[in-house]
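K.L.:
I would like to see how this sequence folds:
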Amino acid sequence: QGSPAAAPCAASGDGRRLASKHSKKVLKASLTLGVLLGMFFVAWLPFFVANVAQAVCRCVPAGLFDVLTWLGYCNSTANPIVYPLFMRDFRRAVGRRLPCCRRAGQSRPRALSLSVRNSHSGPRAPTSLRTVL
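P.N.:
A predicted model of the protein is given here:
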């Protein structure tokens, strides 16, 4: 009689553990997204504000406009740095693709396109725009 009552408790404990693990993943994904969006807004918002101001009053010096443009470019440069810092799956995927990051004994990935690899229907007949429309 004691073991049937203990089983739901064990199941609910596993459920709580899974929920906790899921909430940690969601929190980490939210943090990553927040960092990326925050960096994007900090880098590009001044450029777009200056662009609108330049269109309205022609009061933005060319040097400042160039600096703001390069600030936006720096954001694009920072993305490949931020992704590996915050995302383990991204690090693993890059590690499998780059020869310098592969571990000893790992084979080189095949050069097979995703569409062919994931397609279970075999080769498809070519379609033209006329047949689609």
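
K.L.:
separation between Cys100 and Arg16?
P.N.:
Distance, Cys100 to Arg16, by C-beta to C-beta, to the nearest Å: 42 Å. All C-beta atoms are positioned from the backbone trio N, CA, C, and that covers glycine.

K.L.:
So between those two, which is more surrounded?
P.N.:
Using other C-beta atoms under 10 Å, the more surrounded residue of Cys100 and Arg16 is Arg16, with 10 against 5.

K.L.:
Quick check: pLDDT value at that one.
P.N.:
According to the prediction, Arg16 has pLDDT 76.

K.L.:
I'd like to know which elements the helix or strand Pro80 falls within is packed against.
P.N.:
Assigned by DSSP states H and E, Pro80 falls within helix 62-86. If you count contacts as 3 or more C-beta pairs under 8 Å, 6 or more residues apart in numbering; DSSP states H and E, helix 62-86 packs onto helix 2-57, helix 88-97.

K.L.:
Relative to Asn79, which of the ones you listed is closest?
P.N.:
helix 2-57 (7.2 Å; C-beta to C-beta).

K.L.:
From the contact counts, what lies against the closest one?
P.N.:
Counting by 3+ C-beta pairs under 8 Å, 6+ apart, helix 2-57 packs on helix 62-86.
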